[in-house]
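>>> need coordinates for the below:
(one chain, ligands or ions: 1)
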Amino acid sequence: MLIRGSGVTPPLFLWFKFHFQCCLEFMQRRFFFQLLLICIGLALLFSGLFLNLDTATAQTMPTPDRLAQPTLPAEPSQADKGAQVYWLSCLPCHGDSGQGLTDEFKQTYPEEDRNCWKSGCHGNNPYERGFTIPKVIPAIIGPGALQKFPDALGLRAYVFAAMPFWKPGSLTDEEAWQVTAFLLRENNLRTSRDDLNESNAALISVGTPPTPLPTPLSAPPTGEKSSLALLILVGVVALAPPFIFLWVFRKK
Ligand code: HEC
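Just a heads-up that it's a prediction; the model follows:
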């Protein structure tokens, strides 16, 4: 209930006034002032170090051009040549890192080309000599990709017969091997620099079902939670000494 005109000061205000007065008293003492400055300095340093390290590095890193043609090394392997084939014939649909045609990747397209499935583009009524594409263009690099292909021979046969989607059969025999070798390398399925061919491809398994991960007993703390805890810790560490000092002095 609010007591009007009774002269009762709200307790919160009293508390604040009391602390302010005490603080002023102590501010005059050099030792306390130095201690406070050191604590604030340390708190700022630690919070800056821990909380802003990631953002700082992210801001200073230059963004490489995602769509740039990959450079061909002096002695290119089959997979290196495959990277060129990928860039030329597969990247526009399957993404710069094989992620598939995700919403995020579509942002690299000019604004008017981002809605691939509208009428007149690659939708139901494609432009003259155009083509319709399925709503989902799958990822072909990354965890869970290429699961339907038991081995590299099958993968290569599919790519040769069915890709690029808009002009199947347009890859040369060699290009199909090269781009398959590239896909194997990018999916960490093969490290050898030897050429992939009809005799070794069947021995390289591709779509091995992923082994289920054991369920952790308790969920690990999220980044958000731990940085909040850190902030509280820094606050407590910074504020504790002056308050302890205040308390000790009052006892005397
Ligand atoms: C015009 C867009 C387009 C281009 C260009 C294209 N693809 Fe595809 N790709 C697709 C679509 C759509 C599918 C899904 C087809 C389906 O499900 O029937 C697909 C499926 C695939 C698959 C099977 C993935 C899976 O798990 O089902 C592979 C492998 C593949 N593409 C490789 C390639 C390679 C290699 C190239 C370049 C030589 C290429 N694609 C170029 C659109 C494209």
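
>>> list the buried residues for stretch 42-49?
Under the neighbour-count criterion of 16 or more other C-beta atoms under 10 Å, stretch 42-49 has 43, 46, 47 buried. C-betas here are computed from N, CA, C, even on glycine.

>>> in helices only, show me these.
Per DSSP state H, helices hold the following members of these: 43, 46, 47.

>>> got a list of what the last one touches?
What that stands for is residue 47. 230, 231, 234 (C-beta atoms under 8 Å, 6 or more residues apart in numbering).

>>> what helix or strand is the second one located in?
Right, the one you point to is residue 231. Per DSSP states H and E: residue 231 is located in helix 223-251.

>>> what about that helix, average pLDDT?
Averaged over helix 223-251, pLDDT sits at 81.

>>> for that helix, name the packing helices and strands.
Secondary-structure packing of helix 223-251 (3 or more C-beta pairs under 8 Å, 6 or more residues apart in numbering; DSSP states H and E): helix 11-27, helix 30-60.

>>> centre of the chain to that helix, how far?
33 Å (C-alpha atoms, centre = their mean, to the nearest Å).

>>> that one versus helix 11-27: what angle between them?
Angle between the axes of helix 223-251 and helix 11-27 is 70 degrees (criterion: axes from the mean of the first three to the mean of the last three C-alpha atoms, to 10 degrees).

>>> low-scoring stretches of the stretch 1-150 of the chain, by residue?
1-9, 22-24, 26-30, 32-33, 48-62 (pLDDT under 70).

>>> and it, which residues reach the ligand?
89, 90, 92, 93, 94, 133, 134, 137, 138, 140, 146, 148 (C-beta under 6 Å from any ligand atom).

>>> so which of the residues you listed are in helices?
Using DSSP H, those in helices are 89, 92, 93, 94.

>>> let me know the closest of those residues to residue 173.
residue 89 (14.5 Å; C-beta to C-beta).

>>> just to revisit the earlier point, buried residues in the helix holding residue 231, which are they?
234, 238, 242, 245.

>>> quick check: the farthest pair among those residues?
Based on C-beta to C-beta, the longest span within those runs between 234 and 245 and measures 18.8 Å.

>>> ok so, going back, buried among the ones in helices among the residues of the stretch 1-150 of the chain next to the ligand? Need that as a selection in PyMOL.
The following PyMOL line selects those of these that are buried, judged by 16+ other C-beta under 10 Å:
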select buried, resi 89+92+93+94
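
>>> and of the ones in helices among the residues of the stretch 1-150 of the chain next to the ligand, the nearest to residue 124?
Using C-beta to C-beta, these come closest to residue 124 at residue 93, 18.2 Å.

>>> excluding covalently adjacent residues, which one is nearest to the closest one?
residue 137 (5.0 Å; C-beta to C-beta, 6 or more residues apart in numbering).

>>> so what's that neighbour up against?
Counted by C-beta under 8 Å, 6+ apart, residue 137 has contacts 93, 94, 100, 101, 165.

>>> right, I'll leave it there.
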